[in-house]
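1. From the sequence below, what's the structure:
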Amino acid sequence: MITASVTATLSREACVARDAADQLRCFRDRFVIPDGLIYLDGNSLGPMPREAASVLGRTIEREWGQELIRSWNSAGWFEMPGRLGDRVGAVIGAAPGQTVVCDATSINLYKAIHTAIGLRPDRNVILAEEESFPTDLYIIEGAMKCAARPMRRRLIGGDGSSIAAQLDRDVAVVVLSHVNYRTGALLDIAEITQQIHDAGALVIWDLCHSAGVIEIGFDRHAVDFAVGCTYKYLNGGPGAPAYIAVAKTHQAAAEQPLSGWWGHAAPFAFDREFRPDQGIKRFLCGTQPILSMRGVEVALDAMEGVDVVALREKSLALTDLFMARIAALLPELEIVTPRPPALRGSQVAIAFDQGYPVVQAMIERGVIGDFRSPNIMRFGFAPLYVRFGDVWDAAEILAGCIRDEVWREPRFNRVLGVT
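-> Residues are numbered from 1 along each chain as shown. Next comes the predicted model:
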């Protein structure tokens with residue numbers, strides 16, 4: 001059902017007026033958005049913060065170019081994983097000392113799974129979603145092969161229809177995506193975490209498609225582990241380092257498998273044997289990419305002062321508006337994203353058999369979304385920089401592409417390496 005506020009916005013003039021009154025409108029100026037472009041792919045790669053070029057330039061020219069190795073101390077390079085981790089922790093609702101920025105999401109997921117298995121030595125099942133982002137399933141496979149004991153995998157949607165139907169005394173850890181990468185469906189992190197804990201298992205939440213647009217409540221909901229990337233709604237840049245959050249209650253007993261020197265209690269003691277840090281730093285491994293870390297830092301600076309509750313409210317309003325316009329303009333299209341606000345993230349997914357060429361034609365007409373096989377057109381609505389007027393125009397352009405049957409044009413059917 002469309003809310004009254006969105007119903008009142010169903011004209012372009014009303015959208016423009018709402019943009020003028022938007023309490024988040026100033027944040028758009030903190031990002032580089034090319035003129036004439038409507039960017040609805042922040043759920044895949046966020047735009048560049050306006051200060052990124054100067055900050056990275058300074059890092060390259062002065063810190064690396066002039067200070068050289070001294071910058072590990074003078075510019076604070078060595079402390080960046082923890083310092084930035086605490087800032088990401090604030091975004092996901094984790095108190096300081098529970099989050100580090102490092103490595104890639106897949107690597108951090110491997111660490112979390114291995115650790116969770118070790119914390120539940122009498123259980124032998126990893127539970128995950130059949131519709132997980134594929135790399136999560138791949139990492140689970142790899143963790144099972146390297147586990148110290150035989151492990152089995154169960155899939156929600158494949159081996160059973162619900163989490164509740166799968167939970168029993170054999171389940172050690174449950175790996176879940178807070179927001180489904182294809183459909184945009186949102187899981188109830190509070191209810192499900194409690195359900196898993198009641199069954200004696202641990203939970204790992206993949207926050208790639210929720211951190212930065214949805215209030216997470218890591219501490220409030222007693223989450224065990226969380227992983228995520230920083231290049232989507234956190235806008236840290238292509239391939240920016242990921243993060244891992246581990247509840248303090250688990251840190252002392254945690255044994256993560258990648259026992260590299262940055263996770264040592266005293267890295268520069270150069271001990272022959274590994275002795276892990278007593279806190280979250282034990283989840284570090286090797287030397288971190290400092291230039292990319294600076295990208296994360298400047299992205300977090302661009303979010304400084306934002307109210308996560310306001311982000312969520314605007315996100316829901318943007319997605320409400322887009323779904324209302326699509327329903328009015330293209331009632332034949334199937335919107336697969338849940339309509340109830342409590343059940344969706346910050347994207348709208350539409351199933352259409354000719355979706356790929358439609359998305360390519362929209363890009364040519366100035367609206368960037370993306371496509372996920374076999375038939376999903378995805379549009380992300382990042383409230384920091386997407387405007388209500390953008391949403392109105394994007395729906396019109398989508399309708400125009402469908403009306404013009406753009407899939408009949410060969411150039412839009414040429415499949416690129418990255419879709």
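
2. If I look at residue 102, what pLDDT would I see?
-> Listed pLDDT for residue 102 reads 98.

3. what sits against it?
-> Contacts for residue 102 (CB atoms under 8 Å, 6 or more residues apart in numbering) come out as 81, 85, 108, 241-244, 262, 283-285, 288. Heads up, the C-betas are built off the backbone N, CA and C, glycines and all.

4. can you check residue 285 too?
-> By CB under 8 Å, 6+ apart, the contact set of residue 285 is 102-103, 107, 258-260, 262-263.

5. Try it again at 6 Å.
-> 258, 260 (CB atoms under 6 Å, 6 or more residues apart in numbering).

6. Would it be right to say that it lies in a helix?
-> No: the assignment for residue 285, made by DSSP: H, G, I helix; E, B strand; the rest coil, is coil rather than a helix.

7. what's the distance between it and residue 261?
-> 8 Å (CB to CB, to the nearest Å).

8. hang on, the earlier thing: can you tell me which of the contacts of residue 102 lies nearest to residue 329?
-> For the contacts of residue 102, the closest approach to residue 329 (CB to CB) belongs to residue 242, at 37.8 Å.

9. helix/strand/coil for residue 379?
-> Reduced to three states by three-state DSSP, residue 379 is strand.

10. who are the neighbours in contact with it?
-> By CB under 6 Å, 6+ apart, the neighbours of residue 379 are 40, 348, 369.

11. before we move on, back to that, separate out the buried members of the contacts of residue 102.
-> 81, 85, 108, 241-244, 262, 283-285, 288 (16 or more other CB atoms under 10 Å).

12. For residue 391, which residues are in contact?
-> By CB under 6 Å, 6+ apart, the contact set of residue 391 is 318, 321-322.

13. and what of residue 123?
-> When contacts are counted by CB under 6 Å, 6+ apart, residue 123 touches 170, 172.

14. strand partners of the strand or helix carrying residue 348, parallel vs antiparallel please.
-> Taking DSSP states H and E as the definition, residue 348 sits inside strand 347-351. Strand 347-351 pairs in its sheet with strand 334-335 (antiparallel), strand 376-380 (antiparallel), by DSSP bridges.

15. Using CSV, write down the CA coordinates of whichever helix or strand comes after the last one.
-> When you say that, I think you mean strand 376-380. Downstream of strand 376-380, the first helix or strand assigned by DSSP H and E is helix 388-403. Extracted C-alpha coordinates of helix 388-403, given in CSV (Å, rounded to 0.1, in the frame of the first residue of the first chain):
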residue,chain,number,x,y,z
PHE,A,388,12.5,12.6,-5.4
GLY,A,389,12.7,14.3,-8.8
ASP,A,390,15.3,11.7,-9.9
VAL,A,391,12.9,8.9,-9.0
TRP,A,392,10.0,10.5,-11.0
ASP,A,393,12.2,10.9,-14.1
ALA,A,394,13.7,7.4,-13.8
ALA,A,395,10.3,5.8,-13.8
GLU,A,396,9.3,7.8,-16.9
ILE,A,397,12.5,6.8,-18.7
LEU,A,398,11.9,3.1,-17.7
ALA,A,399,8.4,3.4,-19.1
GLY,A,400,9.7,4.9,-22.3
CYS,A,401,12.2,2.1,-22.8
ILE,A,402,9.5,-0.5,-22.4
ARG,A,403,7.1,1.4,-24.7
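
16. Helix 388-403 vs strand 376-380, what angle?
-> Using axes from the mean of the first three to the mean of the last three CA atoms, to 10 degrees, the direction of helix 388-403 lies 160 degrees away from that of strand 376-380.

17. right, and the helix or strand after helix 388-403?
-> Next along the chain after helix 388-403, taking DSSP H and E as the criterion, comes helix 410-413.

18. What is the nearest of the contacts of residue 102 to residue 232?
-> The closest of the contacts of residue 102, once distances to residue 232 are taken by CB to CB, is residue 242, at 10.6 Å.

19. hang on, the earlier thing: can you tell me which of the buried ones among the contacts of residue 102 are in helices?
-> Under the assignment DSSP state H, the buried ones among the contacts of residue 102 contribute 81, 85, 108 to helices.

20. For the first one, give me its contacts.
-> Residues in contact with residue 81, defined by CB under 6 Å, 6+ apart, are 100-102, 284, 288.

21. swap in residue 296?
-> Listed by CB under 6 Å, 6+ apart, the contact set of residue 296 reads 84, 101, 230, 236, 240.

22. just to revisit the earlier point, tell me the first helix or strand C-terminal of the strand holding residue 348.
-> Criterion used, DSSP H and E; the element after strand 347-351 is helix 355-364.
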